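> this one's structure only:
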């Protein structure tokens with residue numbers, strides 16, 4: 001299929017290449033599967049400009065955690081996913097995991113599929129004010145990390161680019177690491193509310209739905225940025241295209257006819273529509289609990 005896919009997940013971009021093109025120059029894909037907990041971790045590393053051009057994504061590491069049970073109220077699975085997210089966060093943070101951390105919850109809390117970031121921040125154990133109030137001895141006695149957090153809202157609410165707000169906060173508080181949380185868009189309906197992506201390349205707010213804002217990354221903010229997101233929506237045109245493609249393939253149409261027909265369908269007035277599951281309220285609550293617990297485990301307590 002030649003139609004452009006709309007996704008924030010590097011893994012889905014990698015999967016969009018033809019099956020016979022196993023190796024993409026400058027891109028490395030590795031996978032690990034935890035059969036007991038049904039958790040698959042895929043790591044896409046874009047090594048150089050060749051890989052970045054092929055993938056249309058910045059050079060860096062993209063870790064995708066697929067956990068189909070994350071959207072269900074299972075305590076055992078919740079713990080396993082939390083531990084996996086924390087493990088991958090520590091890997092990306094490296095030596096900075098014990099330093100001052102600023103968590104930024106992107107999104108609009110009034111729009112449920114976009115409320116992941118604000119809800120994660122609501123559940124965080126923030127400690128910076130305690131350390132400033134009671135000092136280093138208090139921090140060491142209670143084994144606290146140094147965490148601050150902000151939900152800056154969206155441009156329509158504030159009139160400011162998110163990067164402008166965050167740069168001001170960084171200037172005043174001097175964190176060493178920024179963790180950005182955001183809702184994403186997926187290519188596959190099976191990855192909605194079941195997948196977590198972590199990357200050390202930062203993020204462009206709203207990119208998944210074609211509403212690009214200025215990027216939040218090390219270049220724009222001046223310090224290391226880790227982005228963590230979960231896809232909560234799928235492009236409606238993608239769902240229609242997949243359904244029609246499957247039907248036409250089983251009906252004997254050749255690839256040229258399918259491509260032509262799907263291209264005509266995508267030109268209809270469904271291009272700016274996005275679909276989210278009907279239980280999105282419950283899903284956002286569960287996922288935000290899982291992500292915030294992983295963040296608390298990594299950064300709120302010194303280890």
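Everything's here; your move. Not measured: the values here are computed from a predicted model.

> okay, CA-based contacts and neighbour counts for the rest of this
Noted.

> got the end-to-end distance for stretch 189-196?
Using C-alpha to C-alpha, to the nearest Å, the end-to-end distance of stretch 189-196 comes out at 14 Å.

> pull out the buried residues from that stretch.
Neighbour counts using 16 or more other C-alpha atoms under 10 Å place 189, 191-196 of stretch 189-196 among the buried residues.

> cool, and stretch 28-44?
37, 39-44.

> of the residues you listed, which belong to strands?
39-44 (DSSP state E).

> phi and psi next, for residue 281.
Residue 281 has phi and psi values of phi -60, psi -50 when expressed as degrees, to the nearest 10.

> distance from stretch 46-58 to the middle of the chain?
18 Å (C-alpha atoms, centre = their mean, to the nearest Å).

> other residues contacting it?
Contacts to stretch 46-58, defined as C-alpha atoms under 8 Å, 6 or more residues apart in numbering, come from residues 10, 13-14, 24-28, 59-61, 201.

> what do you get for stretch 173-182?
So stretch 173-182 is in contact with 93, 96, 99-107, 114, 116-117, 120, 202-203, 205, 223-230, going by C-alpha under 8 Å, 6+ apart.

> so which residue is smack in the middle of the protein?
Central residue of the chain (C-alpha atoms, centre = their mean): residue 229, 1.9 Å from the mean position.

> how much space between it and residue 160?
In terms of C-alpha to C-alpha, residue 229 sits 22 Å off from residue 160.

> show me where pLDDT drops low in the stretch 201-303 of the chain?
Residues of the stretch 201-303 of the chain that meet the criterion pLDDT under 70 lie in 205-213, 266-271, 302-303.

> among the contacts of stretch 173-182, which ones are buried?
93, 99-107, 114, 116-117, 120, 202-203, 205, 224-230.

> in helices, which of the residues you listed fall?
Within those, residues falling in helices by DSSP state H are 93, 116-117, 120.

> for those residues, give me CSV that also has distance to residue 84 and pLDDT.
Output for these, formatted as CSV (distance: C-alpha to C-alpha, whole Å; pLDDT from 0 to 100):
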residue, distance to residue 84, pLDDT
93, 14, 94
116, 19, 97
117, 19, 97
120, 17, 97
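
> who is residue 65 paired with across the strands?
Residue 65 has these beta-bridge partners by DSSP bridges: residue 41, residue 196.

> so what's the residue count around it?
23 (other C-alpha atoms under 10 Å).

> mind listing what it touches?
39-42, 84-85, 195-197.

> at 6 Å what do you get?
40-41, 195-196 (C-alpha atoms under 6 Å, 6 or more residues apart in numbering).

> follow-up on the earlier one: may I ask which two of the buried residues of stretch 189-196 are separated the most?
189 and 196 (14.0 Å; C-alpha to C-alpha).

> that older thread, now, which of the ones in helices among the buried ones among the contacts of stretch 173-182 sits nearest residue 282?
residue 116 (11.3 Å).

> from residue 75, how far out is the closest residue to residue 248 other than its chain neighbours?
Once flanking residues are discounted, residue 248 sits nearest to residue 258: 6.8 Å by C-alpha to C-alpha, 6 or more residues apart in numbering. For residue 258, the distance to residue 75 equals 44 Å [C-alpha to C-alpha].

> looking at the two, which one has more neighbours?
Neighbour tally, residue 258 and residue 75, criterion other C-alpha under 10 Å: the higher count belongs to residue 258, 20 against 9.

> now do the phi/psi pair for that one.
Residue 258 adopts backbone torsions of phi -60, psi -50, taken as degrees, to the nearest 10.

> direction included, what does the lengthiest strand in the chain pair up with?
As assigned by DSSP E, the longest strand anywhere in the chain is strand 224-235. According to DSSP bridges, strand 224-235 forms sheet pairs with strand 177-186 (parallel), strand 195-199 (antiparallel), strand 274-275 (antiparallel).

> what lies in contact with that strand?
113, 177-186, 192-193, 195-200, 202, 217-218, 274-276.
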